[in-house]
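Peer 1: How does the following fold in three dimensions:
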Amino acid sequence: MFEIRSYHYIPEKFDAYKKWAIEEAVPFLKENLNVVGFWIDNGRAPEITGEDPQQHKHGVANITWIIKWNSEAERKNGFDNVLGGEGWKDIWSRHPDAKGYLQMEARFAEEL
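Peer 2: Residues are numbered from 1 along each chain as shown. Below you'll find the model as predicted:
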C-alpha cells in the first residue's frame, strides 16, 4: 500500500520550510520510513487541465511525499514509533512554523 501525502504550506514561510525539510526532515524520514519519494515545489507554474480545471483555494500542494507500507498495522506502528520518537521530536522542535500547514491530504493506493 502506498500513502500519498500532499501539503499546502503557507507561502510566506515556504523557503524556511524548504530548508528545514531538505536539511533535516527528509533525511530522517527516508532513513526511518520506506519513503518512495519526497517532492518540494520548485516554483514552476502547475499545469491544470481537464474539462473543468479549477485551482484549489490554496493553490496546488507544494509538498508531496509517498511512503510504502506493507499493512495498516505497519503504518500505525511506523507513525507511532518514528514520528513519536525522540529523533523526530528533536527535528520537529526546529520546524519553522508547525502551524503553517493550510491543508494536508493523505490518499492511499495499491501497487498494480
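
Peer 1: Strands of the chain, start to end?
Peer 2: Listed in chain order, the strands of the chain (DSSP state E) span 2-9, 35-40, 63-68, 101-109.

Peer 1: Looking at these, spot the one closest to residue 87.
Peer 2: Residue 87 lies closest, by C-beta to C-beta, to one member of the strands of the chain: strand 35-40, at 14.9 Å. C-beta here means a position set from N, CA and C on the backbone, and glycine is covered the same way.

Peer 1: Off-centre distance for the closest one?
Peer 2: Put simply, strand 35-40 sits 8 Å off its chain's centre (C-alpha atoms, centre = their mean, to the nearest Å).

Peer 1: Going forward, the N-terminal residue is numbered 18.
Peer 2: That works, and once the first residue is 18, the last one we named lands at strand 52-57.

Peer 1: residue contacts, the residue nearest to residue 53 when sequence neighbours are not counted?
Peer 2: Excluding its sequence neighbours, the residue lying closest to residue 53 (C-beta to C-beta, 6 or more residues apart in numbering) is residue 83, at 4.3 Å. Residues near residue 83 by C-beta atoms under 8 Å, 6 or more residues apart in numbering: 19, 20, 21, 22, 52, 53, 54, 55.

Peer 1: Show the buried residues in the residues you listed.
Peer 2: Buried subset of the contacts of residue 83 (neighbour count, 16 or more other C-beta atoms under 10 Å): 20, 21, 22, 52, 55.

Peer 1: The third one reaches residue 78, doesn't it?
Peer 2: No: taking contacts as C-beta atoms under 8 Å, residue 22 lies outside contact range of residue 78: 9.0 Å.

Peer 1: quick one: common contacting residues for those two?
Peer 2: In contact with both residue 22 and residue 78: residue 122, using C-beta under 8 Å, 6+ apart.

Peer 1: before we move on, the earlier item: looking at pLDDT only, which of the buried ones among the contacts of residue 83 scores worst?
Peer 2: pLDDT is lowest at residue 55 among these; the value there is 93.
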